[in-house]
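> Return atomic coordinates for the entry below.
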Amino acid sequence: MADTATPLRVTAQKLEAFTARAFEAVAIAPAAAKSIAELMVRADLQGSEGHGVFRLPQYIRRIKGGAVNLKPNIRVEREAAGMALVDGDNGMGHLVMRFATEKAIAKAKTAGVAWVGVKWSNHAGPASLYAAMPLEHDMAGLYLAVGNANHLPAWGGLDMLLSTNPIAVAVPAGEEPPIVLDMATTVAAYGKVKTKAQRGETMPEGWMMDREGRPLTDPKRANEGFLLPIGGYKGYGLALIFGLLAGTLNGAAMGRDVVDFNADDTTPTNTGHVIVAINVEAFQPVAEFKKSVDALVRDLRKSERLPGVDRIRLPGEGSHAARADRSRNGIPLPAPLAAALNQLAAELKISPF
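Residues are numbered from 1 along each chain as shown. Below you'll find the model as predicted:
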């Protein structure tokens, strides 16, 4: 039965400090621990609950299992004016992707557009974390990744050879909030399946199917089936293409080489990512572009609605609203998650949140 108790609310500052303490307890340097913790809590602030502190116990297990390099030499291996290939040296994915995104932004300031590929990284949280970073520099951002477990077969197949392989795109606006699209190539990201299982909730029909082609709604039986792609065979095609660009092109894991980090705490994943920064000023004056985006947003929002539709929503509105609420009222921690974090604190001998 699902837990119906009101979730505990914890401030972002307290949750970030707790998360940093946990990483320091397993020998991650304080500055690196703070950087990872800030990005993880940023995910929770925007409502990406399957990629925030929910992942902390799993990250700690993999660190203890030796699957992650605690002192990586994150570096550029190949480079040209508008591109770079980053070797993450098996460091924590948040550190690797922050490095890669900063590199893309710096290059886009002179090249106009910069594409940075990444190999030998790890799970780095929600895609929109990195797609949104260029917004602060009046740039658009695009992010692709190979997911950290295969839960998707080829269209019509049964062998799990593809992951949720997400895409995120962030476009700056003026007076309106930026447009931020963040989506998996499956109907639901696997992190949502895991959070449903932790909370004792069922999944809606359409998220997963068992190997006989029947709907699967019990998240605790997820290993008996597979995720369904968005748009049928079109979602399968997108997952394949994104994986080729974020994985194969970078020399990162793809297909049968992907390590299931949900079940394996000892093997490096060689996770691949792509971050693209697009300098708006290279195409037109920033103010004009933002004005055009605002006008389009308002046209969409004011457009005629179907019966029963209360309002037209834009990508990123939910995250924007969640960030405002959670910054003011604290981040909600459902009872099962709070218990898991308290148990982790006891195991690591650190003070709880």
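
> before we move on, which element is the nearest residue to residue 133 once chain neighbours are set aside in?
Excluding the flanking residues, the one nearest residue 133 by Cβ to Cβ, 6 or more residues apart in numbering is residue 101, at 4.8 Å. C-beta coordinates here come from the backbone N, C-alpha and C atoms, glycine included. Taking DSSP states H and E as the criterion, residue 101 maps to helix 93-111.

> just the helices in the protein please.
Listed in chain order, the helices of the chain (DSSP state H) span residues 12-25, 30-45, 56-64, 93-111, 128-131, 190-199, 233-246, 286-302, 317-329, 335-348.

> Using TSV, lay out those together with mean pLDDT.
Below are these laid out as TSV (pLDDT from 0 to 100):
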stretch	mean pLDDT
helix 12-25	98
helix 30-45	98
helix 56-64	98
helix 93-111	98
helix 128-131	98
helix 190-199	89
helix 233-246	98
helix 286-302	98
helix 317-329	97
helix 335-348	96
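
> Could you say which of those helices is packed most deeply?
Greatest average neighbour count among these goes to helix 128-131 (a mean of 27), per mean count of other Cβ atoms under 10 Å.

> just the CA coordinates of that one, formatted as CSV?
The C-alpha atoms that make up helix 128-131 are tabulated as CSV, following Å, rounded to 0.1, in the frame of the first residue of the first chain:
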residue,chain,number,x,y,z
SER,A,128,18.2,19.1,-17.7
LEU,A,129,20.8,20.0,-15.1
TYR,A,130,23.4,20.3,-17.8
ALA,A,131,21.2,21.5,-20.7
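
> Show me what that helix is in contact with.
39, 42-43, 46, 48, 97-98, 100-101, 124, 141-143, 168-170, 180-182, 273, 275, 316, 319 (Cβ atoms under 8 Å, 6 or more residues apart in numbering).

> Could you rerun that using 6 Å?
With contact meaning Cβ atoms under 6 Å, 6 or more residues apart in numbering, helix 128-131 is reached by 39, 97, 101, 141, 143, 168-170, 180, 182, 275.

> Please apply the same query to stretch 96-114.
Contacts for stretch 96-114 (Cβ under 6 Å, 6+ apart): 74, 81-82, 84, 86, 88, 116, 118, 121, 124, 130, 133-134, 137, 139, 273, 275, 277-279, 282.

> and if you look at stretch 202-220?
Residues from elsewhere that reach stretch 202-220, judged by Cβ under 6 Å, 6+ apart: 187-188, 193, 196-197, 224-225, 227-228.

> let's go with 7 Å and repeat that
Among residues not part of stretch 202-220, those counted as contacts by Cβ atoms under 7 Å, 6 or more residues apart in numbering are 158, 187-188, 193, 196-197, 222, 224-228.

> can you check stretch 26-36 too?
Identification of contacts with stretch 26-36 by Cβ under 7 Å, 6+ apart yields 20, 23-24, 60, 63-64, 70, 92, 94-95, 98.

> could you redo the last one with a cut-off of 8 Å?
If you take Cβ under 8 Å, 6+ apart as the criterion, stretch 26-36 is touched by 16, 19-24, 60, 63-64, 70-71, 92, 94-95, 98, 348.

> again, but for stretch 241-249
Stretch 241-249 is contacted by residues 117-118, 144-146, 162-163, 165-167, 185, 252-255, 258, 272-274 when judged by Cβ under 8 Å, 6+ apart.

> if we go to 7 Å?
When contacts are defined by Cβ under 7 Å, 6+ apart, stretch 241-249 is touched by residues 117, 144-146, 162-163, 165, 167, 185, 253-254, 272-274.

> Output it as CSV - backbone C-alpha positions only.
Extracted C-alpha coordinates of stretch 241-249, given in CSV (Å, rounded to 0.1, in the frame of the first residue of the first chain):
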residue,chain,number,x,y,z
ILE,A,241,20.4,7.5,-32.4
PHE,A,242,21.0,9.2,-29.1
GLY,A,243,23.0,6.2,-27.9
LEU,A,244,25.1,6.2,-31.1
LEU,A,245,25.9,9.9,-30.6
ALA,A,246,26.5,9.9,-26.8
GLY,A,247,28.0,6.5,-26.5
THR,A,248,29.5,4.9,-29.7
LEU,A,249,30.8,8.2,-31.1
